[in-house]
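Enquirer: fold the following and give me the result.
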Amino acid sequence: MAPKNPARDNREARERLRLYQARQGLHERQRRRRKRDDLLGVGALVLVAALATGSQLAFAGTQRDDTAGAAATATPTPSASATPGNTGDVPSKAIAKGATWTGSLTLNGSIDLGIELDGAKAPQAASVEISLIKEQFYNGTSCHRLADSDGLRFLQCGSANGDGTGDAGFQYGPLENVPSDGVYDEGTIAIARSSSPYSQSTQFFIVYGDTTLDGSTGGYTVVGKVTSGLSELRSEIADKGISSPGDDGTGEPKVATTITAATIAEEK
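Expert: Numbers count the residues shown, from 1 in each chain. Predicted structure coming up:
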């Protein structure tokens, strides 16, 4: 494994975040411009009608930014309406359209995972993931945490800094589609978080073997599943083990793991 360069990694993380926020800002400016043009168009029609009837009309319009914020710790990010507890500019949960979305995650340039996101059961989380993937937020980020013990088998990915820290500037909730029994079946993709249900953000974990997690704090949002490629993840990454496991038995994969590409599209 190549030695880490913290300064370079931090620069790359800051650049990824800057590019993501710049793209988000462009999209927001385009949205506001379309809304302004719509308002001006309606105002012109009203003014014409008023003049035709000899009435006088004073037209004034103001715009309101309806986008709310959300932040996440150890999980991927949705966007939505102003839900109490959200922080930052969270993607709207309408993005997922209540539909099934399919795509891929490529790890280390050669491990191709087919993925499916459930916009019906987890509309907010799916919308966040769709937004992040389309904005290429995940490209170049690391999968920093591996669990490989009995009943606890997952690979966690998606932090901006590649070490479990950093996000896209928002955290969100609520929890969605949480298993009632605390069992996360093999192939599950779930959103990571800290203690608060509104701490979901960009990090997610892929369950490569049936896993049981403590549900006393609410559990974890199941946003979708891996539909192919799980055996390659196991053999080429998980089976190689963990470097310096922590007290909980999890740690950095011995095989340095990077998301090199990600795609997503609505299923037709």
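Enquirer: now do the strands in the stretch 151-268 of the chain.
Expert: All strands of the stretch 151-268 of the chain, identified by DSSP state E, counting those that start in this stretch, fall at 152-157, 183-184, 188-191, 204-209, 211-212, 222-228, 242-243, 252-253, 259-266.
Enquirer: ok, which of those comes nearest residue 236?
Expert: Proximity to residue 236 (C-beta to C-beta) singles out strand 252-253 among the strands of the stretch 151-268 of the chain, at 10.1 Å. (Each C-beta comes from the backbone N, C-alpha and C, glycine too.)
Enquirer: note down every partner strand of the closest one and its orientation.
Expert: Sheet pairing of strand 252-253 (DSSP bridges) gives strand 242-243 (antiparallel).
Enquirer: need the per-residue pLDDT for residue 133.
Expert: Looking at residue 133, its pLDDT reads 98.
Enquirer: again, but for residue 181
Expert: 96.
Enquirer: who's in contact with it?
Expert: With contact taken as C-beta atoms under 8 Å, 6 or more residues apart in numbering, residue 181 is in contact with residue 215.
Enquirer: so how far is residue 218 from it?
Expert: Distance of residue 181 to residue 218, given as C-beta to C-beta, to the nearest Å: 14 Å.
Enquirer: same question for residue 109.
Expert: 36 Å.
Enquirer: kindly format the C-alpha coordinates of stretch 184-203 as CSV.
Expert: Provided in CSV are the C-alpha atoms of stretch 184-203 (Å, rounded to 0.1, in the frame of the first residue of the first chain):
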residue,chain,number,x,y,z
TYR,A,184,-29.1,-5.9,7.3
ASP,A,185,-29.1,-8.5,4.6
GLU,A,186,-26.2,-9.3,2.4
GLY,A,187,-26.1,-6.8,-0.5
THR,A,188,-27.7,-3.9,1.5
ILE,A,189,-26.6,-0.4,0.9
ALA,A,190,-27.3,1.8,4.0
ILE,A,191,-26.5,5.3,5.1
ALA,A,192,-23.9,5.8,7.8
ARG,A,193,-24.5,8.4,10.6
SER,A,194,-23.5,9.3,14.1
SER,A,195,-25.9,9.3,17.1
SER,A,196,-28.5,11.8,15.7
PRO,A,197,-31.1,10.6,13.1
TYR,A,198,-30.3,13.9,11.3
SER,A,199,-26.6,13.3,11.0
GLN,A,200,-26.8,11.4,7.7
SER,A,201,-24.6,12.9,5.0
THR,A,202,-22.3,11.4,2.3
GLN,A,203,-21.1,8.2,3.9
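Enquirer: picking up where we left off before, right, so the strands of the stretch 151-268 of the chain: which one is the most enclosed?
Expert: strand 188-191 (a mean of 28; mean count of other C-beta atoms under 10 Å).
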